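Colleague: Mind folding the following:
(one chain, ligands or ions: 2)
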Amino acid sequence: MKLFDYMEKYDYEQVVVCQDKNSGLKAIIAIHDTTLGPALGGLRMWTYASEEEAFEDALRLARGMTYKAAAAGLNLGGGKTVLIGDPKKDKSEELFRSLGRYIEGLNGRYITAEDVGTNVEDMDLIHLETKYVTGISPAFGSSGNPSPVTAFGVYKGMKAAAKEAFGSDSLDGLVVAVQGVGNVAYSMCEYLHKENVKLIVTDINEENVQRAVNDFGAIRVSPEEIYDVECDIFAPCALGGIINDNTIERLKCKVVAGSANNQLREDRHGDMLDARGMVYAPDYVINAGGLINVADELLGYNPERAMKKVEGIYDNILRVFEIAKRDGIPSYQAADRMAEERIASLRQSRSTFLQTERHSLNQR
Ligand SMILES: NC(=O)c1ccc[n+]([C@@H]2O[C@H](COP(=O)([O-])OP(=O)(O)OC[C@H]3O[C@@H](n4cnc5c(N)ncnc54)[C@H](O)[C@@H]3O)[C@@H](O)[C@H]2O)c1
Ligand SMILES: CC(C)C[C@H](N)C(=O)O
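Modeller: Numbering: from 1, shown residues only. Ligands and ions are numbered 1, 2, ... in the order given. From the prediction side, this is the model:
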């Protein structure tokens, strides 16, 4: 990847490469766009096969956060951090504190939170070095683990997608195939199980599969089989890029709705879903619950207020389908349009000069 070409193509503001030999820190903080506010996005810890893969992931995920915040109506920009390492073996206090110092150095341009491979304890370590971290322990007045709230939003968004596809938002009796039953999907399955959904699950982590089988009577399949099962809704809840040339032909569902970020490997895969008459609930609209929840910390965290906003994902998903029909475009494009229009209109209004301390003549 040619870094500057890629940054210019999607108009990224900044990429920070963090290295600390002592703690083993190798991390990339990508800030995509801060028109709407500070870039808020999670910290992913993953065993990337190459540095290039890590850069690509950070950049793609950061841009996704810009769109997620804009579409959710939040006053936040988009950013993300990837930390190269194995979350099962490579975590240490020094590692997260070292990263915390880099985040502090950005002076609030970027605020972090949990993502795949990180948890509340990791955020608490980062918090020892910087206030620019959300999703820390509730004892600090924070919102804690965002995953159950993300799950609630995905559940609500899935109901909206069912309404579009089947004419009713009841999920009772439907079959949902879930790829990856980790933090978000486990809580999502709880909601689905209560609504009498038949669950088919897969995961590369045997413990997680077993938990879903035991707790929700889910049927297990292998990670490869999940694309071939007969189901009403396919819920991608693991990693990105899984809607692609190899998988679309195999899917036997009417709806794709899940928590994973960057589900479409390329935009054209959204066109392919549309051409096959499938209802796709755009990833960053349906999975915004965790972001909405941690963003509420910036106002002084109020769980009732946050959950009320997360419920709005139902209407937001319906709004995306409306725009898609109105403009004759696939749903992923409709979501992009909704987000881009909000950023463009606020960019315009922010061009008005506002006096700040920095410009004050009193400073002379
Ligand atoms: N946690 C949040 O609040 C949140 C918010 C928005 C989006 N997301 C996105 O949702 C997805 C899941 O997040 P999470 O926090 O639940 O992560 P997690 O790590 O707890 O869960 C992911 C699960 O997917 C499994 N998995 C990985 N590769 C797989 C494969 N090829 N096949 C089957 N299973 C596989 C993992 O073993 C794990 O159990 C991620 O894409 C994340 O970026 C999470
Ligand atoms: C801010 C966090 C809750 C980010 C979350 N991992 C997401 O992708 O939305």
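Colleague: all contacts plus neighbour counts: C-alpha atoms, from now on.
Modeller: OK.
Colleague: Beta-bridge partners for the residue nearest to residue 220 when sequence neighbours are not counted, please?
Modeller: Residue nearest to residue 220 in three dimensions, not counting chain neighbours: residue 201, with 5.1 Å by Cα to Cα, 6 or more residues apart in numbering. With DSSP bridges as the criterion, residue 201 is bridged to residue 178, residue 220.
Colleague: number of nearby residues for residue 201?
Modeller: 27 (other Cα atoms under 10 Å).
Colleague: how close does it sit to residue 279?
Modeller: From residue 201 across to residue 279, the span is 20 Å (Cα to Cα, to the nearest Å).
Colleague: ok now stretch 55-72, how far from the chain's centre?
Modeller: In terms of Cα atoms, centre = their mean, to the nearest Å, the centre of stretch 55-72 is found 8 Å from the chain centre.
Colleague: Check which residues of it are buried.
Modeller: 55-72 (16 or more other Cα atoms under 10 Å).
Colleague: Can you report the mean pLDDT over the residues of that stretch?
Modeller: The predicted model gives stretch 55-72 an average pLDDT of 97.
Colleague: From one end of stretch 128-144 to the other, what's the distance?
Modeller: OK, stretch 128-144 end separation, Cα to Cα: 16 Å.
Colleague: Could you list the buried residues of that stretch?
Modeller: By neighbour count on 16+ other Cα under 10 Å, the buried set for stretch 128-144 is 129, 130, 132, 133, 134, 135, 136, 137, 142, 143, 144.
Colleague: Which two of those have the greatest separation?
Modeller: Based on Cα to Cα, the longest span within the buried residues of stretch 128-144 runs between 129 and 143 and measures 18.7 Å.
Colleague: Going along the chain, name the helices of the stretch 1-150 of the chain.
Modeller: Counting by DSSP state H, counting those that start in this stretch, the stretch 1-150 of the chain has helices at residues 3-9, 51-71, 93-105, 120-127, 147-166.
Colleague: any idea which of the ones you listed is most buried?
Modeller: By mean neighbour count, with neighbours taken as mean count of other Cα atoms under 10 Å, helix 147-166 ranks first of the helices of the stretch 1-150 of the chain at a mean of 25.
Colleague: check whether that one contacts ligand 1.
Modeller: Yes: interface with ligand 1: helix 147-166 contributes 147, 150 (Cα under 6 Å from any ligand atom).
Colleague: helices or strands up against that helix?
Modeller: helix 183-194, strand 255-256, strand 279-280, helix 283-286, helix 289-295, helix 303-311, helix 313-327 (3 or more Cα pairs under 8 Å, 6 or more residues apart in numbering; DSSP states H and E).
Colleague: any chance of these in CSV, plus mean neighbour count and mean pLDDT?
Modeller: CSV is the format used below for these (neighbours: other Cα atoms under 10 Å; pLDDT from 0 to 100):
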stretch, mean neighbour count, mean pLDDT
helix 183-194, 22, 97
strand 255-256, 25, 98
strand 279-280, 24, 98
helix 283-286, 28, 98
helix 289-295, 28, 98
helix 303-311, 17, 97
helix 313-327, 18, 98
